[in-house]
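Engineer: Let's see this in three dimensions:
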Amino acid sequence: MSAAIDRLLASLDIHPILVDIGASGEPPRIWAPLIRRSVYVGFDPDLRETHELSSGSVYRGVILNQAVTSEPTDGNVEFYLTRFPFCSSTLEPDSQSLSNYVFADLFTVEKRVSVKATRLDNVLERLALAGIDWLKIDSQGTDLRLFNSLGAETRSRVLALDIEPGLIDAYRGEDLFIDAHRELTHNGFWLSNLQVQGTVRMRRATLEQMLATENDLSRDRVEKSVRVSPGWVEARYLRTLEWVLHHNLTKREYALLWSFALLDGQVAFAFDLAVEWERIFGPSDLSNLMKAEALSRIRRSPRYPIARARSFAPGRLKRWLRQLVRMG
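Structural biologist: Here you go, the predicted structure:
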């Protein structure tokens, strides 16, 4: 853990609550600096049973063998098990839309099963957790509705949110990025990080016809030789400063959001939070620590000279360079 983050959270006796819907065996890498101090809750319906995480690796942790539902009550939900396990979902794959992409076969449904599902609010109550600080959802098509299924009070406490919404209709009735982004940014979040992922847009039948006649080609070579088309995104949202100020949050929330911003590389935003902390709660060793850490990271960043160069518009930069040449 960053020494500054550790000192801040330890001083305030903070244990972040991290919830991982669609856990893949271990917590997301970005949480590694926090995990030993955190309460971690993961959901993986492929597990045979619920199990506790090792006390040495996490402050408190459990992985539940349940799906998460946005339905009003707990119960069983139908789960589509696909050829590629990470494409399995409570939503049916949209085979017609997917047929335009070479990875369509990964979504082939091999079995429909009924799995135990629970509302996230009910799990928090069962585990006696006051809320969620950082929520990661990778539900294959239902990320927005799962976030919105939280009670209003719990939803308002979420400071950071990771989702993986689609840009194409991979599932019938899925929550697309355009819908999630509009709603989240209208409700106190800003987009902090976006990684566009995709695949080759080419029908499987066309690919097979090509491979049957062109002996020097393989599916792998075709996929590596062709620019991929955007298909989904990995998006991270943080609460806006305006939202934080409007909701009169405590030192705990400021400290956590500052820590999350640093982990996501949003150092300037972290400095914003440090300044507001000092304005609201007064100067202190902790506010000095927050500002000093942000400044230190800005100064140490290898991007600093590049960022300065990019601050010039290309035309203006060329004019400056020409003027420098004339000046000798």
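Engineer: As a check, name the ranges of all strands in the stretch 151-300 of the chain.
Structural biologist: 160-163, 189-199, 229-239 (DSSP state E, counting those that start in this stretch).
Engineer: so which of these is the most packed in?
Structural biologist: strand 160-163 (a mean of 24; mean count of other Cβ atoms under 10 Å). In this view, the C-beta of every residue, glycine as well, is placed from N, C-alpha and C.
Engineer: Need the CA coordinates for that one. PDB is fine.
Structural biologist: The C-alpha atoms that make up strand 160-163 are tabulated as PDB, following Å, rounded to 0.1, in the frame of the first residue of the first chain:
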ATOM      1  CA  ALA A 160     -16.200   4.600  -7.000                       C
ATOM      2  CA  LEU A 161     -17.900   2.400  -9.500                       C
ATOM      3  CA  ASP A 162     -16.400   0.000 -12.100                       C
ATOM      4  CA  ILE A 163     -18.700  -1.300 -14.900                       C
END
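Engineer: Name the spans of this protein whose pLDDT lies under the cut-off.
Structural biologist: Scanning the chain for pLDDT under 70 picks out 1, 24-25, 45-56, 303-328.
Engineer: And it, what are its domain boundaries?
Structural biologist: 3-8+15-239, 250-328 (automatic domain parsing).
Engineer: Pick the most buried one from the ones you listed.
Structural biologist: Per stretch, and counting mean count of other Cβ under 10 Å, the top mean among these goes to domain 3-8+15-239, which has a mean of 17.
Engineer: Which one, of the strands of the stretch 151-300 of the chain, ends up nearest to residue 84?
Structural biologist: strand 189-199 (12.0 Å; Cβ to Cβ).
Engineer: Please enumerate residues in contact with that closest one?
Structural biologist: 101-103, 161, 167, 181, 184-185, 223, 228-240, 243, 261, 264-266, 269 (Cβ atoms under 8 Å, 6 or more residues apart in numbering).
Engineer: how far off strand 229-239 does that strand point, in degrees?
Structural biologist: 160 degrees (axes from the mean of the first three to the mean of the last three Cα atoms, to 10 degrees).
Engineer: I'd like the distance from stretch 17-25 to the chain centre, please.
Structural biologist: The chain centroid and the centroid of stretch 17-25 are separated by 11 Å under Cα atoms, centre = their mean, to the nearest Å.
Engineer: Restrict it to CA atoms and write it as PDB.
Structural biologist: Extracted in PDB, the C-alpha atoms of stretch 17-25 (Å, rounded to 0.1, in the frame of the first residue of the first chain):
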ATOM      1  CA  ILE A  17     -15.800  -1.800   1.800                       C
ATOM      2  CA  LEU A  18     -15.100  -3.300  -1.600                       C
ATOM      3  CA  VAL A  19     -17.800  -5.300  -3.400                       C
ATOM      4  CA  ASP A  20     -16.900  -7.400  -6.500                       C
ATOM      5  CA  ILE A  21     -19.800  -8.700  -8.600                       C
ATOM      6  CA  GLY A  22     -18.400 -11.100 -11.100                       C
ATOM      7  CA  ALA A  23     -15.400 -12.100  -9.100                       C
ATOM      8  CA  SER A  24     -12.700 -13.900 -11.100                       C
ATOM      9  CA  GLY A  25     -10.900 -15.800  -8.300                       C
END
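Engineer: Number the residues from 27 up from this point.
Structural biologist: With 27 as the first residue, the last one maps to stretch 43-51.
Engineer: give me the element the closest residue to residue 70 other than its chain neighbours is part of.
Structural biologist: With Cβ to Cβ, 6 or more residues apart in numbering as the criterion, residue 70 has its nearest non-adjacent residue at 4.6 Å, and that residue is residue 49. Counting by DSSP states H and E, no helix or strand carries residue 49.
Engineer: Identify the residues contacting residue 49.
Structural biologist: 68, 69, 70, 89.
Engineer: For the last one, name its beta-bridge partners.
Structural biologist: In this case it means residue 89. Counting by DSSP bridges, residue 89 is bridged to residue 68, residue 77.
Engineer: quick one: the closest residue to residue 318 other than its chain neighbours from residue 189, how far?
Structural biologist: Once flanking residues are discounted, residue 318 sits nearest to residue 30: 7.8 Å by Cβ to Cβ, 6+ apart. Per Cβ to Cβ, to the nearest Å, residue 30 is found 28 Å from residue 189.
Engineer: State the distance from the closest residue to residue 56 other than its chain neighbours to residue 219.
Structural biologist: Spatial nearest neighbour of residue 56, chain neighbours left out: residue 289 (5.6 Å); criterion: Cβ to Cβ, 6+ apart. According to Cβ to Cβ, residue 289 stands 11 Å off from residue 219.
Engineer: cool, residue 46 as well?
Structural biologist: Distance from residue 46 to residue 219, by Cβ to Cβ: 17 Å.
Engineer: now swap in residue 321 and tell me
Structural biologist: For residue 321, the distance to residue 219 - Cβ to Cβ - is 22 Å.
Engineer: same question, residue 155
Structural biologist: Residue 155 is 25 Å from residue 219, by Cβ to Cβ.
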